[in-house]
Structures are given as C-alpha cells and as structure tokens.
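Visitor: pasting the sequence and the predicted coordinates here, then a few questions.
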Amino acid sequence: MSLWRGRGKEPALDQIATIAGEASAEAAVALEHADRAERPAPPVDLTAAAFFDVDNTMMMGASIFHFARGMAARKFFTSSDLAKFALQQVVFRVGGRETHDGIRNARESGLSFVAGHSVAELMALGEEIYDELMADKIWPGTRALAQMHLDAGQRVWLVTATPVDLATIIARRLGLTGALGTVLESENGEYTGRLVGEMLHGPAKAHAVRALAAREGLNLRRCTAYSDSANDVPMLSVVGTAVAVNPDGSLRETARKRGWEIRDFRTGRKAAKIGVPSVLGAGALAGAVAAGLAYRKRGT
C-alpha cells in the first residue's frame, strides 16, 4: 500500500500528514470490516463515536515500548540491528534538521526491522505480546469510559502512532470497534519497512479522524475524543466533546482554558513512575527499541 512513490517532488509535510490520515482511515475500515463477524450486536447510534489515544491514555506507558520488549525477548532482531538503528535515531535527534527527507528517513528507519517479515507473522506476535505485556497495563478507568460509549450503541476507535496492525489487536482485545494507526507499507503480504505518509501523530491524527468520519457517516460534533497529550490537541479540537485523560501539564492547561473535562486515573506515585513517553517521533521510538535491547540482554 502506497499513495505515492518517488514521482518527482514529494509532498510537503502537511500533505504527508493528510496522506497518513487517509491511509489510516482506509486501513481501519478494512480491518474493522474483516473483524466484524467476531463482534456482538452492531451499533445503534450510527452518527456518534468515541476516539481514544492509546499511550498513557488507554494503556500505561507506550504500546510500542511493550511490543519492542516482546520482540527482543524472542530474538526477533539482532543486537547489531538494534545498535545501528538507535545510533541513526540519536544522530538525527541531536544533529539533524527537521527537513522533509530527514524526518521521513528517521521515522522509516525506526520500522526497517519489520522489512521482509510477513504481516501474518507480526500479527501473531502482537497477539502473544498483548497477553504477556499489555493486558495488565490497561487503565480500568479509561476502559470504563470506552465501555460507556459501547453501551450507548456507539463505535469506539483507538487513535495511535502505533502501527495499525498492532493497534487493531489492542482494540479487538478490548472489544472496541477498531483502530486508526500508523500504516506500514506492505507488498504481497510482507512489510517493506516504509511508511504510508508519516507516523499517525499530531495533525495526522486529526486528518485520520476526519477521514474516518467521512467514510462512516459520523457527525463529528456528536463525537468524543480522549487523550493525555498536548500533541493531540488537533484531534481533540475536531470533535464536539474533548476529554483530557491523565493529562500532561500542557494539555491540562489547555483543557482548563477551553473548558474540556479532565479525568486523571493516576495516583501521585503512579504518575511519577509511569513516565514512558508516547511514540511522538524518531527519538521516542529509538528509546523504545533501545529498551527492548536492554531487556533482551538481561534475559540472556
């Protein structure tokens, strides 16, 4: 899946965000339709939905961090692969300029380790890793909010920078409708190691929500969005009701100014200990993989 491939001048960053959003909505609808037979009764409120960020909103910590730990424990990649990748990310973060090519190359290199592996293989790994490392990281309070929308007959979607295949596993395990996530390009059932557009982050999340609403006939003014991060203000701003969940300082301030509801399910101790960042870009992704390497070394 690719919406452009090296034909003349590449799109500007805002265009890439739009491409990422459109691709995410397309993938989400396809995966949701494929899983439809496994779910109970269809929604009765067809124009309202809820959108939940994952990292630190629905799940304690970053989902890609937990996934990296699981993959490292299975020796999915070598120490040299991880070291090379981490070095690339550090060089970009410290000395790189935020050019179109620099951002794209750094982000795509963070996913190069999946190149050549089948989609089915990664999905099977994701199922195992969810049970081992993610299931007990779900915030009960946020899960209850999602269930509230389901009980009202509304669809509930996760919206995350995590790859959409993994995000869909999380959504299915929680009994949700589906997920919007970063789309990894695949050909003939195998990942190429490239992204479609960019990571689903910041404005790209807002584009994805708008695109999904257009496809599914949602009235965004009747929809609700939940997030912990100020980076998701664009997504929170496109719906009728925005809720800050376990908010960072900047989002808490924005929520107060705009009159958004604030829900905090952390205790003071948990808020201090659970500081794993969401996957906001190359540097955070590098940290997740480096942590996976450390986890692997401890287990050998």
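Guide: Good, I have the coordinates.
Visitor: C-alpha only now, for contacts and for neighbours.
Guide: Will do.
Visitor: where along the stretch 101-250 of the chain do the strands fall?
Guide: Shown for the stretch 101-250 of the chain, the strands assigned by DSSP state E, counting those that start in this stretch span residues 155-163, 178-182, 184-187, 190-195, 224-227, 241-245.
Visitor: could you tell me the least trusted of the ones you listed?
Guide: Mean pLDDT values for the strands of the stretch 101-250 of the chain show the minimum at strand 190-195, a mean of 85.
Visitor: tell me the buried residues in that one?
Guide: By neighbour count with 16 or more other Cα atoms under 10 Å, strand 190-195 contains the buried residues 190, 191, 192, 193, 194, 195.
Visitor: wait, which of those is closest to residue 55?
Guide: Distance to residue 55, by Cα to Cα, is smallest for residue 195 among the buried residues of strand 190-195, at 20.0 Å.
Visitor: burial count for the residue lying closest to the closest one once chain neighbours are set aside?
Guide: Computed as Cα to Cα, 6 or more residues apart in numbering, the closest residue to residue 195 that is not its neighbour in sequence is residue 184, at 4.7 Å. When neighbours are defined as other Cα atoms under 10 Å, residue 184 has 27 of them.
Visitor: check the one 5 residues further on too.
Guide: Neighbour count of residue 189, defined by other Cα under 10 Å: 13.
Visitor: for the stretch 51-200 of the chain, what spans make up the helices?
Guide: Applying DSSP state H, counting those that start in this stretch to the stretch 51-200 of the chain gives helices spanning 63-73, 79-95, 100-109, 119-129, 140-151, 164-173.
Visitor: oh, that last question was meant for the stretch 201-300 of the chain, not what I typed.
Guide: So, for the stretch 201-300 of the chain - with DSSP H, counting those that start in this stretch - the helices run 203-216, 233-237, 249-258, 268-273, 282-299.
Visitor: out of the strands of the stretch 101-250 of the chain, which is closest to residue 44?
Guide: Of the strands of the stretch 101-250 of the chain, nearest to residue 44 by Cα to Cα is strand 155-163, at 9.0 Å.
Visitor: partner strands of the closest one, parallel or antiparallel?
Guide: strand 49-53 (parallel), strand 178-182 (parallel) (DSSP bridges).
Visitor: tell me what angle the last one forms with helix 203-216.
Guide: The reference is to strand 178-182. Strand 178-182 runs at 140 degrees relative to helix 203-216, counting by axes from the mean of the first three to the mean of the last three Cα atoms, to 10 degrees.
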